[in-house]
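> sharing a model that was predicted from the sequence below.
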Amino acid sequence: MNHLELIRQVEWKDLKKLSVKEMLIENNISLPWLFISLILAYHGYYGIALPFSGFYFLTALRQVHNGFHNSLGTGKLLTWLSLYLNSILMMASIHAVKFNHIRHHKFCLSEEDYEGKSASMKWYEAILYGPQHMFLIHWITLKKANTVYVKNMMVELLSIAVFISVVFYFQIHFLMYHLLIMLFGELLMAFFAVWTVHHDTHENPNVARTQRGFWKNKLTFSMFYHMEHHLFPAVPTIKLPELAERIDKTLPELHKKQTF
């Protein structure tokens, strides 16, 4: 059964709408983790701050990912602002990531899918590929994107450069810590955001890997419901657990490859 047949059998359009509470959660989910990590780092507790920094990176990725698909429940300006601010805090042009991610959905695991290159690698190759992946995302945006994407990318990269310069010039140690951890996170994106959810799925790329298990999905903020996301990219992350239940109920025979 291909992904188009799957889509026709599952009710999903009602899940696109967010309540006010859900909208506030999706737009602010990263902030508690950011503030806690920065406060701990400011006081020199870098080891304790580390898991909170990791959760910030994950939840910020969830936030901008919803922004890619216009699923934050806000207008264009606030969505753009979310992508811009998280670009500075996450150490990468999020509009460049968006451009490649939209292409990833369109050309999933084909030659034109530059985001998905690491899916065909071994796990350790995907980790080592991280720096090249980060460079390629920006380079492909420069070469293939329209002027709006390129302009947004350049504004974000310039803002990142200014932020880095200020932080290191004034020796703001807790922000130096944050920037280094975010850079480390970006270098692992090819593994965590691509390989884990797409390896060994080339026979039907749009039926990506997924994750079941209450605590696994709670600890990963529902980011590994990737099969559900590829089939229904307009559904906000906060609604993916409900979507997964509908898929399991409607198509119990569907083979689901687990992420971990």
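Sure, I can see it.
> going forward, measure contacts between C-alpha atoms and count neighbours the same way
OK.
> neighbours of Lys257, how many?
Residues near Lys257, counting by other C-alpha atoms under 10 Å, number 18.
> please apply the same query to Leu77.
9.
> just checking, next helix/strand downstream of the host helix or strand of it?
Assigned by DSSP states H and E, Leu77 belongs to helix 76-90. Following helix 76-90 in sequence order, the next helix or strand is helix 94-106 (DSSP H and E).
> which other residues reach the helix or strand following that following helix?
Using DSSP H and E, the helix or strand that follows helix 94-106 in sequence is helix 123-128. Here helix 123-128 makes contact (C-alpha atoms under 8 Å, 6 or more residues apart in numbering) with 118-119, 187-188, 190-191, 195.
> what residues of helix 123-128 count as buried?
123, 126-127 (16 or more other C-alpha atoms under 10 Å).
> could you dump these to a markdown table with distance to Gly67 and pLDDT?
Below are these laid out as a markdown table (distance: C-alpha to C-alpha, whole Å; pLDDT from 0 to 100):
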| residue | distance to Gly67 | pLDDT |
| --- | --- | --- |
| Trp123 | 28 | 97 |
| Ala126 | 26 | 98 |
| Ile127 | 26 | 98 |
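> of the residues you listed, just say which sits nearest to Trp33.
Ile127 (24.9 Å; C-alpha to C-alpha).
> do you know how far that closest one is from Thr59?
Distance of Ile127 to Thr59, computed by C-alpha to C-alpha, to the nearest Å: 21 Å.
> any idea which residue of the chain is furthest from its center?
Going by C-alpha atoms, centre = their mean, the residue of the chain most distant from its centre is Phe170, 31.0 Å out.
> how many neighbours does Val155 have?
For Val155, the neighbour count with other C-alpha under 10 Å is 16.
> just the element for it, please.
Residue-wise, Val155 maps onto helix 147-169 under DSSP H and E.
> what mean pLDDT does stretch 247-258 get?
Averaging pLDDT along stretch 247-258 gives 87.
> correction: the previous question concerned stretch 72-81.
pLDDT averaged over stretch 72-81 gives 96.
> those helices in the stretch 151-260 of the chain, which residues are they?
173-187, 189, 196-198, 214-219, 226-231, 240-250 (DSSP state H, counting those that start in this stretch).
> ranking those helices by burial, who's on top?
helix 196-198 (a mean of 25; mean count of other C-alpha atoms under 10 Å).
> next one: that helix to chain centre, how far?
13 Å (C-alpha atoms, centre = their mean, to the nearest Å).
> list the contacts of it.
116, 119, 205, 208-210, 224, 226, 259-260.
> repeat that for 7 Å
119, 208-210, 226, 259 (C-alpha atoms under 7 Å, 6 or more residues apart in numbering).
> leaving aside the residues next to it on the chain, what's closest to Glu186?
In space, and not counting its chain neighbours, Glu186 is closest to Met134: 7.0 Å by C-alpha to C-alpha, 6 or more residues apart in numbering.
> near that neighbour, how many other residues are there?
Neighbours around Met134, by other C-alpha under 10 Å: 21.
> how far does the host helix or strand of it sit from its chain's centre?
Counting by DSSP H and E, the element that carries Met134 is helix 130-144. Counting by C-alpha atoms, centre = their mean, helix 130-144 is centred 16 Å from the centre of its parent chain.
> what's the neighbour count on Tyr149?
17.
> turn the contacts of helix 196-198 into JSON lines, columns for distance to Met153.
Output for those, formatted as JSON lines (distance: C-alpha to C-alpha, whole Å):
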{"residue": "Ala119", "distance to Met153": "25"}
{"residue": "Ala208", "distance to Met153": "28"}
{"residue": "Arg209", "distance to Met153": "30"}
{"residue": "Thr210", "distance to Met153": "31"}
{"residue": "His226", "distance to Met153": "26"}
{"residue": "Thr259", "distance to Met153": "31"}
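> between these, which is closest to Ala244?
Thr210 (9.1 Å).
> who touches the closest one in this structure?
197, 224-227, 256-259.
> what's the answer for Met23, then?
For Met23, counting by C-alpha under 7 Å, 6+ apart, the contacting residues are 72-73.
> how much space separates it from Ile29?
Taking C-alpha to C-alpha, one finds Met23 at 10 Å from Ile29.
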